[in-house]
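In: missing the sequence, but the structure's below:
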Ligand SMILES: CCCCCCCC/C=C\CCCCCCCC(=O)N[C@@H](CC(C)C)C(=O)O
Ligand SMILES: [Zn+2]
Ligand SMILES: [Zn+2]
C-alpha cells in the first residue's frame, strides 16, 4: 500500500471519528450531563425533604409558664393602645407610629441590644430589622407584618378600640389585634424569646414592618424593598406575610382547623364611574338625572356579577388538598371539580366570603352626586373596587363591566389596577412551603394545610421580585362569627391564640434553620427551648 493511500485511509478514519463525535458522542455527553444534573437535583431535593421531615420528629413541648403567656398578652395589649391609624394616603397618625417604634424598643430590650440584630428606620416610619445568622452564604428570608391599622367608629364598639383591654382574662381587644399587630409583636416575641434562651439563629432573616399597608404600602413596604436592594439583598428564600387565619367550621365537610396558605393573591381594579348632566331647576327636572343614570349602572353591576371561575384557577388545588380530609360527599365534589364546579359555585356565591373564591368580586365603595336640594345634579361619581380572580385579567374585568353597563353616558376611568400575583410553588419539592406547612402543623396539630388564593391584598406585592416563594398566612384561629371583626367592630384575639401565634413564628425561625442544618436526626434535641 502506498503512502498516499495510507494517508487517505487515516483521513477517512478521522472523518468517521468526527462524524461519530458530532452525531453520537457530543449528544451522548450532553445527555449524560443532563441526567447527572437531574439526579444531583433529585438527590438534593431528597436530602432537603428528609431534613424537612426531621422537623416533624422534633416534638413541640409547651414549657413556658402562664405568667409569661400573660406578660406577652399584656405587651400586645399595650401596643393596641397606640392608635397608628392610616386614614388615607395623605393622612396617617404619624406620631402614633413613632410611639409604636418606641414601645417596641422599650418592650423588646434583648432584640434592641443584641449585637447580631440591626434595627433601621426606613422612610421615617417603617422598621427593618436584620437578624444576622451564624451561617453565612445561605439565602435569607423575610417575615413581614404592618404597623398601621384601619380607622374605627368607637360608638359601635363594645370596648374602647384603643383601650388595649383584656376581657375575662381571655381576649385581648383592640384595633389591630388580628390585623396586624399580633403579627408584628408575635414575631418580635419569638425573637426575644430565642435570645432569652441564649440562641442566635443560624440563618439571616429580616423582620420588615411597613407603616402604610392599609393604604397601599407605597411609603412603607415599597421603601423597605428598596432598602433591601440598596443593601445588596435581591434574593430571598421566602417571604411570609399576613394572610388568611386558620378557620374552623367554615369549610363544609370537616370540623378540623383549615390553614389556607395564600400562594397567590387576587388582583385589583379600582374604577371611577362618572356621569355628567346639565344642572338646572329641580322644579322641571329632566327624565333622567346624572345620579339616576349612574345608580342604574351600578345596580346593573351588582345584579350581574363577574362570571364564576371556580375551578379554573389555583382554588382547584385548594379543594384537591381539602378532599382527603372531608366527608365522602364533599370528597366527591372536591375531587371532581370539572363536573361539580357549577354546583359548588352556586352554593358558595350565597356567602360573601366564599363568593370571593368563586369570581372577581365587585364592590361599590363610594357614591357621590348632587350639590343642593333643589338643583338637578351636574354630575355623579361612583367607585367600584374589584378583586380580580387569577384566571381573569384586569382588561377582561373592565370589558365585562362595559358590556353590563352598556351605556355610553357612563364614563369609566381606571384609578388603580394590578393583575393577580403569580402562583408561588406549593408542591412536595418546594422546601419553604413544606417547612411552613410543618410549622403550622406543629402548633395547630389537627390543622389541614392547603394552598389558596388570598382574596385581599398585602404588602407582598413589593417583594415579588425577591423570590417566587411568597406566602400569606396569619397564625391565629378565626371562627365564622369572628370574620366580621376584620376591619370591623370589636377586633380581638384570644390569649391562647396569640400564644400559638408566637409559638408558630418561633417554629418558623427554628425550622428555617433546620433546612440548612446538617446534624443527623438522631443527634437532634427533642425537647429543647420550646415555648
Ligand atoms: C372556602 C372559603 C373559606 C374562606 C375562609 C377564610 C376566612 C378568612 C377570614 C377573613 C379574611 C380577611 C382578610 C383580611 C385582609 C387584610 C389585609 C388587607 O386589608 N389588605 C388591604 C390592602 C390594600 C392595599 C389597602 C386590602 O384592602 O386588601
Ligand atoms: Zn393587614
Ligand atoms: Zn387590614
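Out: Right, received. Where do you want to start? Everything numeric here is computed off the predicted structure, so don't read it as measured data. Ligands and ions are numbered 1, 2, ... in the order given.

In: Start from the N-terminal end of the stretch 251-400 of the chain and give the strands.
Out: For the stretch 251-400 of the chain, applying DSSP state E, counting those that start in this stretch gives strands covering 258-265, 267-276, 280-281, 361-369, 375-376, 379-388.

In: For ligand 1, which of those strands is the nearest?
Out: When the strands of the stretch 251-400 of the chain are compared by C-beta to the nearest ligand atom, strand 258-265 sits nearest ligand 1, at 6.2 Å. Bear in mind the C-beta positions are built from the backbone N, C-alpha and C, glycine included.

In: What mean pLDDT does the closest one get?
Out: For strand 258-265, mean pLDDT is 98.

In: Around ligand 1, pick out the residues from the stretch 51-200 of the chain.
Out: The stretch 51-200 of the chain comes close to ligand 1 at residues residue 179, as judged by C-beta under 6 Å from any ligand atom.

In: so where is the stretch 51-200 of the chain shaky, pLDDT-wise?
Out: 51-62 (pLDDT under 70).

In: which residues of it fall in strands?
Out: 86-88, 91-92, 117-122, 126-131, 141-146, 166-167, 171-173.

In: Give me the contact list for the last one.
Out: Right, the one you point to is strand 171-173. For strand 171-173, the external contacting residues (C-beta atoms under 8 Å, 6 or more residues apart in numbering) are 73, 76-77, 80, 159, 163-167, 490-495, 498.

In: residues touching residue 459, list them.
Out: Contacts of residue 459 by C-beta under 8 Å, 6+ apart are 144, 146, 208, 210, 213, 217, 220, 221, 241, 242.

In: circling back: switch the strands of the stretch 251-400 of the chain over to CSV; also include distance to residue 439.
Out: Converted to CSV, the strands of the stretch 251-400 of the chain look like this (distance: least, C-beta to C-beta, whole Å):
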stretch, distance to residue 439
strand 258-265, 10
strand 267-276, 28
strand 280-281, 65
strand 361-369, 31
strand 375-376, 61
strand 379-388, 28
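
In: Where does the residue positioned nearest the centre of the chain sit: helix, strand or coil?
Out: Against the mean C-alpha coordinate of the chain, by C-alpha atoms, centre = their mean, the closest residue is residue 472 at 2.3 Å. Secondary structure assignment for residue 472 (DSSP: H, G, I helix; E, B strand; the rest coil): strand.

In: what's it in contact with, if anything?
Out: Contacts of residue 472 by C-beta under 8 Å, 6+ apart are 240, 241, 242, 243, 244, 261, 262, 265, 454, 458, 460.

In: Looking at these, which is nearest ligand 2?
Out: Distances from ligand 2 to the contacts of residue 472, taken as C-beta to the ion, are shortest for residue 242 (4.8 Å).

In: Give me the average confidence score over the strand or helix carrying that closest one.
Out: Using DSSP states H and E, residue 242 sits within strand 239-247. Mean pLDDT, computed over strand 239-247, is 97.

In: who does that strand touch, helix- and strand-wise?
Out: Applying 3 or more C-beta pairs under 8 Å, 6 or more residues apart in numbering; DSSP states H and E, we find strand 239-247 packed against strand 141-146, strand 258-265, strand 448-454, strand 470-478.

In: Show me how far that strand is from its chain's centre.
Out: 6 Å (C-alpha atoms, centre = their mean, to the nearest Å).

In: how long is stretch 103-118 from one end to the other?
Out: End-to-end distance for stretch 103-118, by C-alpha to C-alpha, to the nearest Å: 17 Å.

In: mind listing the strands for the stretch 401-531 of the chain?
Out: Using DSSP E, counting those that start in this stretch, strands in the stretch 401-531 of the chain cover 411-418, 448-454, 470-478, 492-494.

In: Out of these, flag the one nearest residue 315.
Out: strand 448-454 (5.8 Å; C-beta to C-beta).

In: ok, the residue nearest to residue 282 when sequence neighbours are not counted - contacts?
Out: Nearest non-adjacent residue to residue 282, counting by C-beta to C-beta, 6 or more residues apart in numbering: residue 374, 4.4 Å away. Counting by C-beta under 8 Å, 6+ apart, residue 374 touches 281, 282, 283.

In: Model confidence for the first one, exactly?
Out: pLDDT recorded at residue 281 is 97.

In: about what we covered before: take the strands of the stretch 251-400 of the chain and write them to TSV, including mean neighbour count and distance to ligand 1.
Out: Compiled in TSV, the strands of the stretch 251-400 of the chain are given as follows (neighbours: other C-beta atoms under 10 Å; distance: least, C-beta to the nearest ligand atom, whole Å):
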stretch	mean neighbour count	distance to ligand 1
strand 258-265	26	6
strand 267-276	20	7
strand 280-281	12	39
strand 361-369	15	10
strand 375-376	16	35
strand 379-388	21	7
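
In: Tell me which of those lies nearest to residue 331.
Out: Using C-beta to C-beta, the nearest of the strands of the stretch 251-400 of the chain to residue 331 is strand 258-265, at 14.7 Å.

In: In terms of secondary structure, what does that closest one contact?
Out: Applying 3+ C-beta pairs under 8 Å, 6+ apart, one finds that strand 258-265 contacts strand 239-247, helix 315-323, helix 431-443, strand 448-454, strand 470-478.

In: contacting residues for the residue nearest to residue 181 when sequence neighbours are not counted?
Out: For residue 181, ignoring the flanking residues on the chain, the nearest one in space by C-beta to C-beta, 6+ apart is residue 79 at 5.1 Å. Residues near residue 79 by C-beta under 8 Å, 6+ apart: 100, 103, 104, 107, 164, 176, 181, 184, 185.

In: ok, residues contacting stretch 494-506?
Out: Taking C-beta under 8 Å, 6+ apart as the rule, stretch 494-506 contacts 60, 62, 69-70, 72-73, 76, 143, 166, 169-172, 182-183, 186-187, 189-190, 193-194, 439-440, 443-444, 474-477, 493, 530-531.

In: Buried only: go through the residues you listed for me.
Out: 60, 69, 72-73, 76, 143, 166, 171-172, 182-183, 186-187, 189-190, 193-194, 439-440, 443-444, 474-477, 493, 530-531 (16 or more other C-beta atoms under 10 Å).

In: Filter the contacts of strand 171-173 down to the ones in helices?
Out: Using DSSP state H, the subset of those located in helices is 73, 76, 77, 80, 495, 498.
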